[in-house]
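J.: fold the following.
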Amino acid sequence: MTINKAEAKKRARSNWSMWRLLLSDMKVSYSDLDKMDNDDLAEANAALDIHLDAQNKEMNKK
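T.: Numbering: from 1, shown residues only. Below you'll find the predicted structure:
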């Protein structure tokens, strides 16, 4: 059974912590995500936030 667009969007939002890492430039794969628990996902997303903040600060210096 194929899910409709609204359900797909709902599921994507519900699983955003995984999708965010997958879509980032961190080169995280589906198999990487499969090995991660919720604590790992939270830590990886926090690390991504730190990285993005540092990049933004560096860009603002220029």
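
J.: count of neighbours near Lys5?
T.: Neighbourhood size, Lys5 [other C-beta atoms under 10 Å]: 7. For every residue, glycine as well, the C-beta is placed using N, CA and C.

J.: make 11 the starting number, not 1.
T.: Okay, residue one is now 11; in that scheme the one you just asked about reads as Lys15.

J.: how close does it get to Met36?
T.: 27 Å (C-beta to C-beta, to the nearest Å).

J.: now swap in Trp26 and tell me
T.: Taken as C-beta to C-beta, the span from Trp26 to Met36 is 15 Å.

J.: and the gap between the most centrally placed residue in the chain and Ala18?
T.: Geometric centre of the chain, nearest residue: Arg30, 1.9 Å, by C-alpha atoms, centre = their mean. In this view, Arg30 and Ala18 are 16 Å apart by C-beta to C-beta.

J.: one more: Asp59?
T.: From Asp59 to Ala18 the distance is 26 Å (C-beta to C-beta).

J.: quick one: end-to-end distance for stretch 18-35.
T.: 23 Å (C-alpha to C-alpha, to the nearest Å).

J.: give me the contact list for that stretch.
T.: For stretch 18-35, contacts defined as C-beta atoms under 8 Å, 6 or more residues apart in numbering pick out 13, 38-40, 43, 46, 48, 51-52, 54-55, 58.

J.: sounds good, over and out.
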